[in-house]
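> predicted model and sequence follow; I will ask about them next.
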Amino acid sequence: MDLPKVQQTDFLERLGVLAVETAVVAARCIWRETLMRDVGIDGQIEYVTPEGQATGRIVLVQVKSGVNYFNRATPTHVAYSPSERHRNYWGHAPLPVVLCLHNPDTRESIWVDARREIQEDRAHPIRVPRSQVLDSGGVHSALASHAGPLPVGPVGPETLLSMMRSRRTLNAAFDMSFFDIFVHGLTHICHSLYFGMDLVTEIAEARLELRVSPLGMGIGFTEYEFLDEYVAFVVAHDLVRFDYDWYARSLQEMEMVAKLLGPLTPRGRQLVEYISRLDMDRSVERGMWDQVVVERFVEMVYRPGEVVRRVAWIEAFEASLDSATSSEME
């Protein structure tokens, strides 16, 4: 009987991921493993304060496990040469990317901020210092390696709202803020968030209509960068569980902006509740659509007659499978 074969590399990869998870748990922080790891991120680490507060201070993690990575190691460092695909992905990631090299024979685990290394030098291999051991202390060092000291607590909804309102395009023909995209993307009784080019196009065109503008909608490289920054913002502040790997792969391989739909995190729901409370304080006499936080629906669009044709084709396909099976049994 021909059965799937489990490769030795599968076990080696798991040993590395488990070593990282063990270190994160020992550091009393949160480890979130990525289910789909085909782009270059195995998981996330979120900093938790000594008082037990989850802060939203997050780094991405890529684990490389195997003795071969250490074959040419020096006493001070291990050199790692990522593919061009990974250089692009890690270099433009919305969060620091911690590269962890794990030796399953010696149980040595070392780390480096790969995003920073690539941004500073794209031409040479990444040098992973052997002094940067990924143990419980190393986890905290990795979390503290960017943007100053670790926070004492998570960014509150008031600060988040102010940050989202201040991030705005400078293009009158494509006028919107992070706040606009966020509230317009709320769906599934406002417990999920949607993002796509259809959404932002609708926002831009609505603003032009309200202002009776003679301009047509205009979007270029700067506006696409703005949209990338929005997705990075909601991921970095842990407001929604978007599949950022899929988003990045769509940009790199297909050169298109992916449609994203993900559940809001507790922090994201807290922000929505805060916005809703502020809005309700403004007025109590208004209609269903005269609110900032409103349920929207995301639907799959079918062309006329498409389902009927596909049902007929599916039935014919299944009939052919049944016929082939009967012939084999005879």
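Sure thing, it's come through.

> what are the ranges of the helices in the stretch 151-300 of the chain?
For the stretch 151-300 of the chain, applying DSSP state H, counting those that start in this stretch gives helices covering 157-166, 178-184, 197-210, 221-236, 244-249, 266-280.

> tell me which of these lies nearest to Val20.
helix 244-249 (17.4 Å; C-beta to C-beta). The C-beta positions use only the backbone N, C-alpha and C, and glycine is treated the same way.

> mind giving me the packing neighbours of the closest one?
For helix 244-249, the elements it packs on are helix 221-236, judged by 3 or more C-beta pairs under 8 Å, 6 or more residues apart in numbering; DSSP states H and E.

> which stretches of the stretch 51-200 of the chain have low pLDDT?
Residues of the stretch 51-200 of the chain meeting the criterion pLDDT under 70: 147-148.

> buried deepest among the helices of the stretch 151-300 of the chain, which one?
helix 178-184 (a mean of 22; mean count of other C-beta atoms under 10 Å).

> from Gln53, how far off is the closest residue to Arg165 other than its chain neighbours?
Closest residue to Arg165 apart from its sequence neighbours, by C-beta to C-beta, 6 or more residues apart in numbering: Phe179 at 4.7 Å. Separation of Phe179 from Gln53 (C-beta to C-beta, to the nearest Å): 25 Å.

> with distance to Arg28 as added columns, please give the helices of the stretch 151-300 of the chain in CSV.
Supplementary listing: the helices of the stretch 151-300 of the chain in CSV, determined by distance: least, C-beta to C-beta, whole Å:
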stretch, distance to Arg28
helix 157-166, 25
helix 178-184, 31
helix 197-210, 39
helix 221-236, 22
helix 244-249, 25
helix 266-280, 19
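
> of all these, which lies closest to Thr9?
helix 244-249 (19.7 Å).

> Leu260: what's it in contact with?
Applying C-beta atoms under 8 Å, 6 or more residues apart in numbering to Leu260 gives the contacts Leu193, Tyr194, Phe195, Gly196, Val231, Phe242, Asp243, Trp246, Tyr247.

> tell me the contacts of the spatially most central residue of the chain?
Most central in the chain under C-alpha atoms, centre = their mean is Tyr244, positioned 2.7 Å from the mean C-alpha point. If you count contacts by C-beta under 8 Å, 6+ apart, Tyr244 has them with Ile41, Pro94, Val231, Val235.

> show me the one of the helices of the stretch 151-300 of the chain that comes nearest Arg116.
Closest of the helices of the stretch 151-300 of the chain to Arg116 is helix 221-236, at 15.6 Å (criterion: C-beta to C-beta).

> elements contacting the closest one?
helix 178-184, strand 192-195, helix 244-249.

> what does that helix contact?
So helix 221-236 is contacted by 58, 94-95, 163-164, 167, 169-171, 174, 178, 181-182, 193, 195, 200, 240, 242, 244, 247, 251, 257, 260, 268 (C-beta under 8 Å, 6+ apart).

> which residues sit in contact with Ile58?
Counting by C-beta under 8 Å, 6+ apart, Ile58 has contacts Gln44, Ile45, Glu46, Tyr47, Leu95, Ala236, Asp238.

> tell me which strands the helix or strand hosting the third one pairs with, and in which orientation.
When you say that, I think you mean Glu46. Secondary structure from DSSP states H and E places Glu46 in strand 43-48. In the sheet, strand 43-48 lines up against strand 30-33 (antiparallel), strand 54-65 (antiparallel) (DSSP bridges).
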